[in-house]
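Trainee: Give me a model of this one.
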Amino acid sequence: MNNQAAAIECRGVYKTFKEGSLSVDVLANMSFTVKRGEQVAIVGRSGAGKSTLLHVLGGLENVERGDVFVGGVHMSALGAAARGKLRNKRLGFVYQFHHLLGEFTALENVAMPLLIRGTAGQEATLAAAEILERVGLSERQRHKPGELSGGERQRVAIARALITRPDCLLADEPTGNLDRQTAESILALFQEINRENATSVVLVTHDEAVAARMDRRLNLADGQLHPIA
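Mentor: The predicted structure follows:
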């Protein structure tokens, strides 16, 4: 990986949804760059394609045309297995809905990305316990998702995204299910991780106060990203 490369770069990306004879370009010839260590907020009306954009940036959805690079690596040219390895190594995801594994404890859910990477079990467990403490859940690490509140489950999901110390964090409405105080603490953690590790953040949100905390704000409309002054 080129350490001077952008965290994420899109070049001429198209993403089209088709239903019957209807075809809509959700992303239309989109090109933009997220610099290393930059924090970017993406806003826009419901249905504009904000979540789709995050999925494209993370290689979870293919594009019809264009190229996506992660840390200088041409991700859209990779096969599924190589793309999965790149995601695990370079990216962290926080989804709008937590997507935790119900049969595993909070600790086990958070340790999972490290175990998939091949980290030794004890090392992964210690790292998971540390990050759960940072999100205020040290007392709940042995609980399964069904025993946690919605806000607690989201904090576990955030801990899981951060445990690999990703180059870039992709977050889809990460504070949407949290009370204001908890949301503030999570945003503070994002920015702390950003300062410590130069982790880039690309965050989709409807919350103007959350967006205002980022370095740059972009509005997704008509398949394009438009700067917000």
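
Trainee: so residue 124 touches residue 108, yeah?
Mentor: No: Residue 124 lies out of contact with residue 108 (C-beta atoms under 8 Å); the separation is 9.4 Å. Every residue, glycine included, has its C-beta placed from N, CA and C.

Trainee: Out of those two, name the residue with the larger neighbour count.
Mentor: The neighbour count for residue 124 versus residue 108, taken as other C-beta atoms under 10 Å, is higher for residue 124 (22 against 18).

Trainee: and the gap between that one and residue 131?
Mentor: 11 Å (C-beta to C-beta, to the nearest Å).

Trainee: got it, and residue 146?
Mentor: Applying C-beta to C-beta to residue 146 and residue 131 gives a distance of 21 Å.

Trainee: Kindly report the same for residue 227.
Mentor: Distance, residue 227 to residue 131, by C-beta to C-beta: 33 Å.

Trainee: out of these two, which sits in the busier spot?
Mentor: Applying other C-beta under 10 Å to residue 227 and residue 131 shows that residue 131 carries more neighbours, namely 23 against 9.

Trainee: list the contacts for that one?
Mentor: 110, 159, 162-163 (C-beta atoms under 8 Å, 6 or more residues apart in numbering).

Trainee: What is the most widely separated pair among the residues you listed?
Mentor: Within these, two members stand farthest from each other by C-beta to C-beta: 110 and 162, at 8.9 Å.

Trainee: Mind checking which of these two has more residues around it?
Mentor: Between residue 110 and residue 162, counted using other C-beta under 10 Å, residue 110 has the larger neighbour count: 30 against 22.

Trainee: Count residues in the vicinity of the residue lying closest to residue 220 once chain neighbours are set aside, would you?
Mentor: Using C-beta to C-beta, 6 or more residues apart in numbering and skipping the chain neighbours, the partner closest in space to residue 220 is residue 44 (3.8 Å). Counted with other C-beta under 10 Å, the neighbours of residue 44 add up to 19.
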